[in-house]
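Engineer: Sequence and predicted model, in that order:
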Amino acid sequence: MGRTATHRKAMLSNMAVSLIMHKRITTTTAKAKALKKYIEPLLTRSKNDTTNSRRVVFSFLQDKFAVTELFKEISLKIADRPGGYTRIIRTGHRLGDNAEMCFIELVDYDENMMTEKATKKTRTRRSKKATSTKTTPAAAPEAATEEA
């Protein structure tokens, strides 16, 4: 990403804190992919709420409010998930420099996807087969009466 190691570490730490606090952030695709590799092990570590786990996560994040949020709320939602805690959704290119932009979000916190699943299950459609079968039996008796 064209940064020094300390700048990259600080940037990923700040982005991870923002993702934990806001559940979704907008960034470039390259940064999102780097953040995904950075934050997934931290989310896995948060499933085990011990003092050592909290200290290890704090050493990466350097924000006690984010660590508290991670261990109290997020770890409860991801407890039964075996991995894949984040999702990257591409949104197009940035106007100024044409960089590829995307959302990165926590999977269990996307309310839009959860409501779409519920509406899709309740929706029904009429198929073309049902309309074609209704017209053919009605036409068949008329054809039989004309022949006789």
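Structural biologist: Alright, I've got the coordinates. Residues are numbered from 1 along each chain as shown.

Engineer: Okay, now the unreliable bits of this structure?
Structural biologist: Within the chain, the set of residues satisfying pLDDT under 70 comprises 112-124, 130-148.

Engineer: ok, which stretches of it are strands?
Structural biologist: 24-28, 86-93, 100-106 (DSSP state E).

Engineer: closest one to residue 39 among these?
Structural biologist: Closest to residue 39 of those is strand 86-93 (Cβ to Cβ; 6.6 Å). Bear in mind the C-beta positions are built from the backbone N, C-alpha and C, glycine included.

Engineer: Highest mean neighbour count out of the strands of the chain?
Structural biologist: Here the criterion is mean neighbour count by mean count of other Cβ atoms under 10 Å, and of those the winner is strand 100-106, at a mean of 18.

Engineer: Next, work out how far apart the nearest residue to residue 106 once chain neighbours are set aside and residue 73 are.
Structural biologist: In space, residue 106 comes closest to residue 23 once its chain neighbours are excluded; the distance is 5.1 Å by Cβ to Cβ, 6 or more residues apart in numbering. Between residue 23 and residue 73 the computed distance is 10 Å (Cβ to Cβ, to the nearest Å).

Engineer: cool, and residue 107?
Structural biologist: 14 Å.

Engineer: Identify each buried residue in stretch 30-40, please.
Structural biologist: Buried residues in stretch 30-40, counting neighbours by 16 or more other Cβ atoms under 10 Å, are found at 31, 32, 34, 35, 36, 38, 39.

Engineer: how about CSV for these, with distance to residue 3 added?
Structural biologist: Converted to CSV, these look like this (distance: Cβ to Cβ, whole Å):
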residue, distance to residue 3
31, 10
32, 15
34, 10
35, 13
36, 17
38, 13
39, 18
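
Engineer: and which of the residues you listed is nearest residue 84?
Structural biologist: Residue 84 lies nearest to residue 36 out of the buried residues of stretch 30-40, by Cβ to Cβ, at 9.7 Å.

Engineer: Nothing else from me, thank you.
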